[in-house]
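Participant: Next come a sequence and a model predicted from it.
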Amino acid sequence: MGNFGTKHLTGLAWLFSLIVIALVVLLVIRKKFNKGENYDRAVVRYTAYFMWAWEIIKTIRMVNNADYGPIGTYPLWMAPFHICSMGLYAFLIVGSKRGGKLSEFVKPFAFGVMIIVTSILLVIPDSSGILGVTPDWTFTYDNILTYQSFLYHGTLVFVPLYMILSGFYKPQWKDIPKAIAVLCIVAAGAQILNFTFEGSNADFMTLRYGRGNPFQFILQGPNPWLYYVLLSAVAMGGTALVITIVILIQKLIATIKAKKSVIAE
């Protein structure tokens, strides 16, 4: 098992097949029936509901499994305050019926941060343990959380892709500091909770102990501050890079369309 093993690659195959099918169906419906922003918000909102449903399933599974502590108790260290958990809240805000300034401010974070962090996790899932303990994708009790993890993280890729392809979100240069600002806010909140819940093994956003992070060895080394510098560089730099690439692609497409229009005239 492990990174790029049979289970990993098979999981990516069926997960991204589902993502492509969902995108094609929803975008065709949008175009055919001339749907607009309300439809886009509904797609994001109901995807958030789907994620929350899986979060509830995960909670029930953990409460009833001795691997996460005494049966009947909630493992506080697994509370939804990790970086990937931020999609639960960000997508609800972005997909809210009324929209508004907060929704627009959170959009760059919901797009850039979510897709870069999730992509890294899906590429190297072994470090976070989302591949589970079974060697395949059989429908067993032990595989419940593995399916939950892949489907949950798949939605964190699906929503940003939908936002871009539907035109619901059109990145601008000013969106980069917005995304980073929201990232810093949630990171600060996560670290505060880590110290508030000291003793519970809370490691939200891998900021306390670095569990599941491939750079954990740096945090445990003589210069732990390097860990936070590297983490910030990857998260912020990756977010800026993703938004920049999309902006440049959109500009290229607009230029090509403009040239075609001139030639047609």
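Facilitator: Ah, there it is. Residues are numbered from 1 along each chain as shown.
Participant: Which helix in this protein has the most residues?
Facilitator: For the chain, the helix reaching the highest residue count under DSSP state H is reported as helix 225-264.
Participant: Can you mark which positions in it are buried?
Facilitator: Of all the residues in helix 225-264, those buried under the rule 16 or more other CB atoms under 10 Å are Tyr227, Tyr228, Leu231, Ala235, Met236, Gly238, Thr239, Ala240, Val242, Ile243, Val246, Ile247. Every C-beta, even on glycine, is put in place using the N, C-alpha and C of the backbone.
Participant: Ok, stretch 91-107 next?
Facilitator: Neighbour-count burial for stretch 91-107, with 16+ other CB under 10 Å as criterion, is recorded at Phe91, Leu92, Ile93, Val94, Gly95, Ser96, Ser103, Phe105, Val106, Lys107.
Participant: what's in contact with it?
Facilitator: Around stretch 91-107, the neighbours that count as contacts under CB atoms under 8 Å, 6 or more residues apart in numbering are 37-38, 41-48, 51, 90, 110, 159, 163, 169, 175, 178, 182.
Participant: switch the cut-off to 10 Å
Facilitator: Contacting residues not belonging to stretch 91-107 are listed as 37-38, 40-52, 86-87, 89-90, 109-111, 114, 155-156, 159-160, 163, 168-171, 175, 178-179, 181-182 [CB atoms under 10 Å, 6 or more residues apart in numbering].
Participant: can you give me the helices for the stretch 1-150 of the chain?
Facilitator: Counting by DSSP state H, counting those that start in this stretch, residue ranges of the helices within the stretch 1-150 of the chain are 6-32, 37-63, 86-94, 101-108, 114-123, 144-166.
Participant: quick one: stretch 73-81 to chain centroid distance?
Facilitator: Once both centres are worked out by CA atoms, centre = their mean, to the nearest Å, stretch 73-81 turns out to sit 18 Å from its chain's centre.
Participant: likewise stretch 91-111?
Facilitator: On the basis of CA atoms, centre = their mean, stretch 91-111 sits 15 Å off its chain's mean C-alpha point.
Participant: Pull out the CA atoms of it and give them to me as PDB.
Facilitator: Taking Å, rounded to 0.1, in the frame of the first residue of the first chain, the C-alpha atoms of stretch 91-111 are listed here in PDB:
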ATOM      1  CA  PHE A  91     -18.100  26.500   1.100                       C
ATOM      2  CA  LEU A  92     -21.100  27.300   3.200                       C
ATOM      3  CA  ILE A  93     -20.100  31.000   3.200                       C
ATOM      4  CA  VAL A  94     -19.300  31.000  -0.500                       C
ATOM      5  CA  GLY A  95     -22.500  29.100  -1.400                       C
ATOM      6  CA  SER A  96     -24.800  31.100   0.900                       C
ATOM      7  CA  LYS A  97     -28.000  32.200  -0.800                       C
ATOM      8  CA  ARG A  98     -27.500  35.900  -0.100                       C
ATOM      9  CA  GLY A  99     -23.800  36.100  -1.100                       C
ATOM     10  CA  GLY A 100     -22.400  39.400   0.000                       C
ATOM     11  CA  LYS A 101     -19.000  40.800   0.900                       C
ATOM     12  CA  LEU A 102     -18.000  38.000   3.200                       C
ATOM     13  CA  SER A 103     -18.700  35.400   0.500                       C
ATOM     14  CA  GLU A 104     -16.600  37.300  -2.100                       C
ATOM     15  CA  PHE A 105     -13.800  37.800   0.400                       C
ATOM     16  CA  VAL A 106     -13.700  34.000   1.200                       C
ATOM     17  CA  LYS A 107     -13.800  32.900  -2.400                       C
ATOM     18  CA  PRO A 108     -10.100  33.200  -3.100                       C
ATOM     19  CA  PHE A 109      -9.400  31.100   0.000                       C
ATOM     20  CA  ALA A 110     -12.100  28.500  -1.000                       C
ATOM     21  CA  PHE A 111     -10.400  28.200  -4.400                       C
END
